[in-house]
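Enquirer: Could you look at this predicted model? Sequence included:
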Amino acid sequence: MTREEEDRLVARVRNGDEDAFEKLVLENQKKVYNLALRMVGNEDDAFDMSQEAFIKAYNSILCFRGDCRFSVWLYRLTTNVCLDFLRAQGRRSHSSLSYEDDSDDEKELEIPDERFSPETEVEKKELREAVHRGLMQLPKDYRVILLLREIDGLSYEEIGQALDLEEGTVKSRIFRARKRLCAILAADGNISERCASKKSRGV
């Protein structure tokens, strides 16, 4: 859906058209749910958080200024709802991410699928657990910004709009979050010690 299509639907919602809001929900519900799931780590809670985000969006539609895409604004609402929930519950969530290698090139920290030998499955499980542990040790701000960038594929500008941050702050925070995660994973023996030594400086 283009921004122009979003804007037209938002205008219709503001005029009381509930069908238009349903179209916005259908367009964004999967992404909103996936973001919530990665943040709260539980399917039932993620469903509740995504529903709360849509309710807030509907009730606050008149406050939407239109200075960013509706979907980006919805990410902001979802992120805030989940952060409030995490603060209340004292939880952390997890996901797999990318990292920077020794040449500062971005690499995917891929979790292979589970179709192979039992030995391979053990290795995959260990890697998943290592990534989870690493993310659990990151501050909430770092984890959220990595999820938006690495998992949901938002641009730096869109992340800035979603989190109300300057683009330069977004880039800096992502860089520091990657360094922190890289150091954690290396200390756990999951990426090279050279990478860990290099990335841990200045963290």
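Expert: Now that the structure is in, tell me what you want to look at. Residues are numbered from 1 along each chain as shown.
Enquirer: which residues in this structure form helices?
Expert: Here the chain has its helices, by DSSP state H, at 3-14, 18-40, 43-59, 70-89, 118-137, 140-146, 156-163, 167-187, 193-200.
Enquirer: Show me which residues of the shortest one are buried.
Expert: Within helix 140-146, the residues that count as buried by 16 or more other Cβ atoms under 10 Å are Tyr142, Arg143, Val144, Ile145, Leu146. For the C-beta atoms, the positions are set from N, CA and C on the backbone; glycine is no exception.
Enquirer: circling back to that earlier point, export the helices of the chain to JSON lines and tack on mean pLDDT?
Expert: Shown next, in JSON lines, are the helices of the chain (pLDDT from 0 to 100):
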{"stretch": "helix 3-14", "mean pLDDT": "90"}
{"stretch": "helix 18-40", "mean pLDDT": "89"}
{"stretch": "helix 43-59", "mean pLDDT": "88"}
{"stretch": "helix 70-89", "mean pLDDT": "86"}
{"stretch": "helix 118-137", "mean pLDDT": "67"}
{"stretch": "helix 140-146", "mean pLDDT": "83"}
{"stretch": "helix 156-163", "mean pLDDT": "85"}
{"stretch": "helix 167-187", "mean pLDDT": "82"}
{"stretch": "helix 193-200", "mean pLDDT": "43"}
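Enquirer: Quick check: the most centrally placed residue in the chain vs Tyr58, distance?
Expert: With distances taken as Cα atoms, centre = their mean, the residue of the chain nearest its centroid is Leu147 (2.4 Å). According to Cβ to Cβ, to the nearest Å, Leu147 and Tyr58 sit 24 Å apart.
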